[in-house]
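> Could you work out the structure for the sequence below:
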Amino acid sequence: MALFFRLPLGWLPVLLAGWLGGVGGCSPAAAQTRPDSTTIHYEEEVLPPAEAPAAPRVQVQARHLWKLGLNNLFFLPDGGPREFTAVPRAVRYGRYGLHLGYERKLRATWTLLTEISPYLLDYAPAGSASAGGVALCARAQVAGRYYYNLARRLRLGRRAGDFSGNYFSVAVGAGLGQQAHETACFFYPDSGPFARADVALLYGLQRRLGRIGFVDFNVGIPFALSPGAATTIFYPNFSGPTLAVNLRVGLCLGR
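A predicted model of the protein is given here:
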């Protein structure tokens, strides 16, 4: 059974107004947006680039070295004491010169050194009526060197690529000049042959002084190869086996 209701036409505006009012009342609530407390914001932090590690310092391995020694000097004044000097039979003895050396690597730890040491000699022998004079003489040597601690110095970060290290050496020396009284290790009281020679087994060290300086020191046992060697330069009255002491201080001229 169907039920039908009839309403007068005058009610139609009332129903439409109620329906529209309901719709209109709901729309503001639907349009409101409630804050979302679950929203998470991410910010990207840009870090500065890490500094690259410093590259290890690589030492340049020099192949050769020129050296100018400035201490080829010895002076014994008139009337000086004779019992502890290297020139016991001279009234006056003066040596004024330089050392010019060239050292070259043969292998990583082996080098060959050649040196010429020209000097002016002012010499007056004892008991001579002559006042003496000035002559041009020279000392020379050729030496092989073995630098045994270069690898260790490199590991410690020390200078080792420019002939700086400790060494063992065999050196052959000579004295040149008609008036010469010295070789690299010995003193000859009397002048004589133009050339005299010696050989020495040495232990030494060489270091750089700043960028252009150097010091080269060695000590060892010398053997005279020419007759007449009465004494050594630094130990004139020492009997038995003697010592050779050499010191070079000067400038590096270039590589």
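
> Dig out what V172 forms beta bridges with.
Taking DSSP bridges as the rule, V172 bridges to V142, V199.

> and it, what is it in contact with?
Contacts for V172 were tallied using CB atoms under 8 Å, 6 or more residues apart in numbering; they are Q141, V142, A143, A197, D198, V199. (Glycine included, C-beta is placed from N, CA and C.)

> Give me the number of neighbouring residues for the closest residue to the fourth one other than its chain neighbours.
Spelled out, that is A197. Using CB to CB, 6 or more residues apart in numbering and skipping the chain neighbours, the partner closest in space to A197 is L225 (4.1 Å). L225 has 15 neighbours, counted by other CB atoms under 10 Å.

> Over to R152?
Neighbour count of R152, defined by other CB under 10 Å: 12.

> Okay, the spatially closest residue to L70 that is not a sequence neighbour and Q141: tell me how far apart.
Leaving out its chain neighbours, the residue that sits closest to L70 by CB to CB, 6+ apart is G250, at 4.5 Å. Separation of G250 from Q141 (CB to CB, to the nearest Å): 15 Å.

> the more surrounded of these two?
Set side by side, G250 and Q141 show more neighbours around Q141, with 24 against 21, by other CB under 10 Å.

> who's in contact with the more buried one?
L113, T114, E115, A171, V172, G173, A174, A184.

> Count the residues that sit near the nearest residue to it once chain neighbours are set aside.
Spatial nearest neighbour of Q141, chain neighbours left out: G173 (4.1 Å); criterion: CB to CB, 6+ apart. By other CB under 10 Å, 25 other residues sit near G173.
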